[in-house]
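In: any chance you can model this:
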Amino acid sequence: MFSVLIVDDEEPVLDSYEFMLNAFSERNFSENAPPENRDILFTLAGKARTGYEALKLIHEKQPDLVFMDINIPGIDGLSVLEDVYKKYPRMVCILSTAYERFDLAKRAIPLGVFAYLIKPVSKKTFFDTLENALSQLRSLPPEASEYSEPRLALLRRDIWIPMDEQHWSWYREKLDLPSDHGLAFMVELDQDMEAWGRQIAEQLSFKHHCSYDVMLQRGLFLISEDLNADVFRQKTVKMLETALNGLNWRFGLGGLYRGPLLYRSCSEALAELTAKRQETDAWNKVSKNIGLLRQKIGLLPPEEAKALFASVWEPLFAEDFSNAKLRMISVFTLLLDDLYGTLSAQNSLSKNSSGASPPFDPLEIITLPDLGAWKRWAEVNFDKIALQANLERQGNYPLPLVKALAFIRENYTRGIRLNSAAEAARVNAAHLSRLFTEHLKTNFIDYLTALRINEAERLLKEKSITVKEAAFAVGYQDPNYFSKAFKKLKGILPTEVRGQE
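Out: Numbers count the residues shown, from 1 in each chain. Predicted structure coming up:
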């Protein structure tokens, strides 16, 4: 009997594959099947809808066969397989996707993927694939000793499932674990976790018995010790803040359990890590919408502008009212700066031409007592900004120029030219060039250069990036040319920006 895990984010596909799997097993168990096949059945080990859920179930169930959709939420299907294929070399993996792409197939080949199905999958194709997988599974040699590498066997497999007392005692002896209790925690980085994992484990080992492993940019750490989980959390977070300063990282910690129940600690750590990743993804989406709001306010119809504004504040206020107010102070400060130049006298592209003062102080937000007060305050004051943006960006400029400026703001990081901006504005290049001269007192190239250099200056001041990274971020492929353009416009080299700060 072979177990099967089905991974797909579409319920109809999960149901269809389960139905065909059962039909195949019933067919093989019928009296008409060859005698050698009558005792061979596929059973459903589970169904997963996300990459994280798939990883968890693979470690828990250790299925013999996996149907893996590539495009699933969170970690994609190929990344899941990259994480597990060395740990479970006997597992047969079948990819399924809605379309065939060479680059995906190229990534799949080194992972030992058994078959590649294009959805929708017919019953005949599904049955033929199962027949071939069955032959493959039956031809596998006997499994090697499960305890040939005790540390890896524990961290990559058995710590994720309930253990009996005999196995736990075996691990305690082989790994010389000092305690019958322990807890697990996980660290996720957007950079090389192998090197950072060793550094973290070395620091922890000064005071604790620490075992660790790395999988898919996440470090799993097992602390074998009787300790207070809350105190350990506080100390470990401080240590990570120091060790990983400047890096994008997340942390999840499980509770203290006896060895046979350590799988609970792993599940808790993974759940916290997953929640933090989802929070990070949500904030990244909010940040993207803030950028869109700054680019398009004054250019969008009022209702679309309000909808975009709501997409910024609604997810923030759904979490924590106090922290959300602080973030919205920053959002309104940026919007006011775009229109009035409140933060920088160098904001020549967006500073209010009338020299008027901002109509309100964003710090008013801090005094708002509840969500109802926020909605009333935001509706009034966002309308003030939207009205001024409309006057600045549309009232004083012909519509083709407005469209061209919007196109430039959205595409300035690419290699755009006057012709492409003119095409977006539905006028010829010569006419658009005259509009730049008449209304902006500059030409297309100088306007684009000033926009890129101002954005690069902001990035260098606000983020820990190199000059080369700033150049690439705003559309320059040659850092030397970027430095010359920066010096010409700002009077200083980009390397001097932080020193000036």
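In: drop to CA atoms for contacts and neighbour counts, all remaining ones
Out: OK.
In: can you find which strand in the protein contains the most residues?
Out: Assignment by DSSP state E gives strand 181-189 as the longest strand of the chain.
In: what is that strand packed up against?
Out: Helices and strands touching strand 181-189, as assessed by 3 or more Cα pairs under 8 Å, 6 or more residues apart in numbering; DSSP states H and E, comprise strand 218-223, strand 249-253, strand 257-258, helix 262-296.
In: got TSV for these, with mean neighbour count, distance to residue 305 and mean pLDDT too?
Out: TSV is the format used below for the helices and strands packed on strand 181-189 (neighbours: other Cα atoms under 10 Å; distance: least, Cα to Cα, whole Å; pLDDT from 0 to 100):
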stretch	mean neighbour count	distance to residue 305	mean pLDDT
strand 218-223	23	39	89
strand 249-253	22	33	87
strand 257-258	18	51	92
helix 262-296	18	7	82
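In: tell me what the helix or strand that the longest strand of the chain is followed by is packed against?
Out: Using DSSP states H and E, the helix or strand that follows strand 181-189 in sequence is helix 193-205. When contacts are defined as 3+ Cα pairs under 8 Å, 6+ apart, helix 193-205 sits against strand 210-215, strand 218-223.
In: give me the sheet partners of the first one and which way each runs.
Out: Strands flanking strand 210-215 in the sheet, each with its direction: strand 218-223 (antiparallel) (DSSP bridges).
In: next SSE after the strand it pairs with?
Out: Following strand 218-223 in sequence, per DSSP H and E, is helix 229-243.
In: tilt between that following helix and strand 249-253?
Out: 160 degrees (axes from the mean of the first three to the mean of the last three Cα atoms, to 10 degrees).
In: name the helix or strand of this protein that has the lowest mean pLDDT.
Out: helix 102-108 (a mean of 57; mean pLDDT, DSSP states H and E).
In: would you give the sheet partners of the next helix or strand after it, along with the direction of each?
Out: Remark: after helix 102-108, the chain's next helix or strand is strand 115-118, criterion DSSP H and E. Strand pairing for strand 115-118, using DSSP bridges, gives strand 92-97 (parallel).
In: run the chain-centre distance for the strand it pairs with.
Out: In terms of Cα atoms, centre = their mean, to the nearest Å, the centre of strand 92-97 is set 23 Å apart from its chain centre.
In: now do it, average pLDDT.
Out: Mean pLDDT, strand 92-97: 86.
In: and residue 191, what pLDDT?
Out: If you check residue 191, the pLDDT there is 67.
In: okay, now the unreliable bits of the stretch 351-500 of the chain?
Out: Scanning the stretch 351-500 of the chain for pLDDT under 70 picks out the ranges 351-357, 391-396, 462-463, 498-500.
In: which parts of it are helices?
Out: Counting by DSSP state H, counting those that start in this stretch, the stretch 351-500 of the chain has helices at residues 371-390, 399-411, 418-425, 429-435, 444-462, 467-473, 479-490, 497-500.
In: who wins for proximity to residue 78 among those?
Out: Residue 78 lies closest, by Cα to Cα, to one member of these: helix 467-473, at 28.4 Å.
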